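Chemist: just coords:
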Ligand SMILES: [Zn+2]
């Protein structure tokens with residue numbers, strides 16, 4: 001990779017023209033030259049480093065008005081601009097990839113150039129692991145190895161669709177999604193909120209909405225309580241719907257590999273229902289026959305419906321009610337998205353702490369697993385992170401101190417919406433025709 005070096009500087013006409021006035025500016029990195037040439041430096045610097053190259057690390061003014069470190073992921077020419085006029089696609093190294101975006105040169109801090117493209121490979125992993133999402137520390141990539149992480153980030157580096165229209169919402173997307181090539185370059189896509197067909201133009205969409213006779217997801221309604229409904233969609237019977245759903249979901253999930261192989265999956269679509277129809281708020285998918293006891297493959301709450309307890313509802317529905325009906329203990333497939341993991345940790349904590357509060361006497365991991373349908377390893381990890389488990393003389397004991405338990409329960413926040421088991425009308429897949 002090309003880097004701005006002293007050799008480059010020497011051949012730079014702007015620099016040579018000023019040379020007699022700035023004899024001390026021979027070393028751009030020397031503090032002494034900083035003091036001497038401060039006046040002319042920004043412009044000279046700019047000429048030296050522009051255009052920025054992919055892989056460079058600079059700082060960028062974010063929506064909070066402050067500068068944050070970024071890495072340049074991609075660049076593109078500005079329409080009608082000069083030879084060095086580019087826009088830059090940047091990743092904020094402190095934040096999740098969903099905040100990656102195209103920025104103009106004015107937003108970038110010219111004094112912060114640091115080219116670390118290759119030399120920081122090992123460091124890069126550490127940074128990825130330390131990424132912050134909003135104010136919450138969640139590790140999103142911890143279960144991907146370095147090679148697959150690099151491969152993934154290479155193929156999905158730039159968001160392709162910026163916004164979608166779905167029902168009454170216009171939603172900004174978070175990640176790349178592999179829509180068919182003819183949709184490349186569409187900044188906005190229009191979805192039918194019922195069949196999930198997507199269109200490039202508003203008129204096409206309006207025409208479709210007049211014709212489309214679906215008012216809810218295809219498939220069986222297996223749960224209804226109040227205005228909430230859950231539909232079970234067989235990926236084999238509704239292949240196009242399944243594929244559309246996967247393309248839509250990938251816009252909001254960083255890691256997801258299932259796209260066209262939807263036959264082997266069931267999709268559970270959670271809807272808010274009113275007189276206009278059943279509007280999808282989120283979903284989870286599940287392999288029909290999982291050898292690894294996965295009771296959930298993907299989980300997503302659409303952004304307009306987040307922070308309302310739907311994530312925990314979906315988890316409770318999948319991990320608990322379905323697994324319990326099937327008489328199985330289950331666990332979600334990895335890697336989980338950052339928000340998925342956050343929801344799971346909250347759900348597991350809540351379920352386990354509630355049971356521990358009721359059980360004053362000793363209870364084993366095995367008993368907890370039988371009672372909850374949660375896999376033993378997930379129980380152990382959760383109790384560990386809550387510091388509720390202690391090892392003594394080769395045996396573990398679980399703390400049931402009510403004060404400590406109450407504190408944890410409080411910290412998990414609202415419990416979300418409860419699954420009303422009596423409203424569940426469902427037979428496990430094996431028993432269906
Ligand atoms: Zn439709």
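Modeler: Perfect, thanks for sending it. Keep in mind it's a predicted model, so treat the numbers as computed, not measured.
Chemist: so residue 236 touches residue 263, yeah?
Modeler: Yes: here residue 236 reaches residue 263: they are 4.4 Å apart, a contact under Cβ atoms under 8 Å. Heads up, the C-betas are built off the backbone N, CA and C, glycines and all.
Chemist: any idea how far residue 409 is from residue 388?
Modeler: Using Cβ to Cβ, to the nearest Å, residue 388 is found at 12 Å from residue 409.
Chemist: look at the two and report which has more neighbours.
Modeler: When neighbours are counted by other Cβ atoms under 10 Å, residue 388 comes out ahead of the other of residue 388 and residue 409, with 20 against 16.
Chemist: correct me, but the more buried one touches residue 396?
Modeler: No: taking Cβ under 8 Å as the contact criterion, residue 388 and residue 396 are not neighbours in contact, 10.3 Å apart.
Chemist: give me every residue that touches residue 241.
Modeler: The neighbours of residue 241, taking Cβ atoms under 8 Å, 6 or more residues apart in numbering as the test, are 195-196, 217-218, 233, 267.
Chemist: if we go to 10 Å?
Modeler: The contact partners of residue 241, by Cβ atoms under 10 Å, 6 or more residues apart in numbering, come to 194-197, 214, 217-219, 233-235, 262, 267, 269.
Chemist: ok, so of the residues you listed, who is nearest residue 208?
Modeler: Of all those, the one sitting nearest residue 208 is residue 197; the distance, using Cβ to Cβ, is 6.4 Å.
Chemist: in stretch 173-182, what counts as buried?
Modeler: Along stretch 173-182, the positions that meet the burial threshold by neighbour count (16 or more other Cβ atoms under 10 Å) are 173-177, 179.
Chemist: and stretch 341-361, how far out from the chain's middle?
Modeler: Counting by Cα atoms, centre = their mean, to the nearest Å, stretch 341-361 is centred 24 Å from the centre of its parent chain.
Chemist: what mean pLDDT does that stretch get?
Modeler: The pLDDT scores in stretch 341-361 average 88.
Chemist: find residues that contact each of residue 236 and residue 263.
Modeler: Counting by Cβ under 10 Å, 6+ apart, the residues touching both residue 236 and residue 263 are 242, 288.
Chemist: now the closest residue to the ion within the stretch 1-150 of the chain: closest residue in space, sequence neighbours ignored.
Modeler: Across the stretch 1-150 of the chain, no residue is closer to the ion than residue 98, which sits at 27.2 Å (Cβ to the ion). Among residues not flanking residue 98 along the chain, residue 174 sits closest, at 3.5 Å (Cβ to Cβ, 6 or more residues apart in numbering).
Chemist: residue 236 in helix, strand or coil?
Modeler: Of the three states, residue 236 takes coil under DSSP: H, G, I helix; E, B strand; the rest coil.
Chemist: which ones are touching it?
Modeler: With contacts taken as Cβ under 10 Å, 6+ apart, residue 236 has the following neighbours: 242, 262-266, 288.
Chemist: among those, who's most crowded?
Modeler: Compared across the contacts of residue 236, residue 242 has the highest neighbour count, 26 neighbours, by other Cβ under 10 Å.
Chemist: and that residue, which of the three is it?
Modeler: Note that with three-state DSSP, the state of residue 242 is helix.
Chemist: state the distance from the residue lying closest to it once chain neighbours are set aside to the ion.
Modeler: Taking Cβ to Cβ, 6+ apart as the measure, residue 242 lies nearest to residue 262, with 3.3 Å between them; neighbours along the chain are not counted. In this structure, residue 262 lies at 18 Å from the ion, with Cβ to the ion, to the nearest Å as the measure.
Chemist: other SSEs contacting the lengthiest helix in the chain?
Modeler: If each helix of the chain is counted by residues according to DSSP state H, the longest one is helix 338-358. In terms of contacts (3 or more Cβ pairs under 10 Å, 6 or more residues apart in numbering; DSSP states H and E), helix 338-358 is packed against strand 298-301, helix 310-315, strand 331-332, helix 365-372, helix 376-385, helix 402-411.
Chemist: residue of the stretch 201-350 of the chain with the smallest distance to the ion?
Modeler: Going by Cβ to the ion, the ion is nearest to residue 212 of the stretch 201-350 of the chain, at 3.1 Å.
Chemist: isn't that residue up against residue 199?
Modeler: No: Residue 212 is beyond contact range of residue 199, at 11.2 Å (criterion: Cβ atoms under 10 Å).
Chemist: neighbour-wise, which of these two wins?
Modeler: Legend: neighbour count by other Cβ under 10 Å for residue 212 and residue 199, higher for residue 199 (19 against 13).
Chemist: which residues does that one contact?
Modeler: If you count contacts by Cβ under 10 Å, 6+ apart, then residue 199 has 165, 183, 186, 189-192, 205-209 around it.
Chemist: swap the cut-off to 8 Å and go again
Modeler: 189-192, 205, 208.
Chemist: give the residues shared as contacts by residue 212 and residue 199.
Modeler: Overlap between the contact sets of residue 212 and residue 199, as judged by Cβ under 8 Å, 6+ apart, is given by residue 192.
Chemist: out of the helices and strands packed on helix 338-358, nearest to the ion?
Modeler: Between these, strand 298-301 lies closest to the ion; by Cβ to the ion that is 19.6 Å.
Chemist: buried ones in that closest one?
Modeler: By neighbour count with 16+ other Cβ under 10 Å, strand 298-301 contains the buried residues 298-301.
Chemist: dump those residues into a markdown table; add distance to residue 350 and pLDDT as well.
Modeler: Shown next, in a markdown table, are the buried residues of strand 298-301 (distance: Cβ to Cβ, whole Å; pLDDT from 0 to 100):
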| residue | distance to residue 350 | pLDDT |
| --- | --- | --- |
| 298 | 22 | 90 |
| 299 | 16 | 92 |
| 300 | 20 | 94 |
| 301 | 17 | 95 |
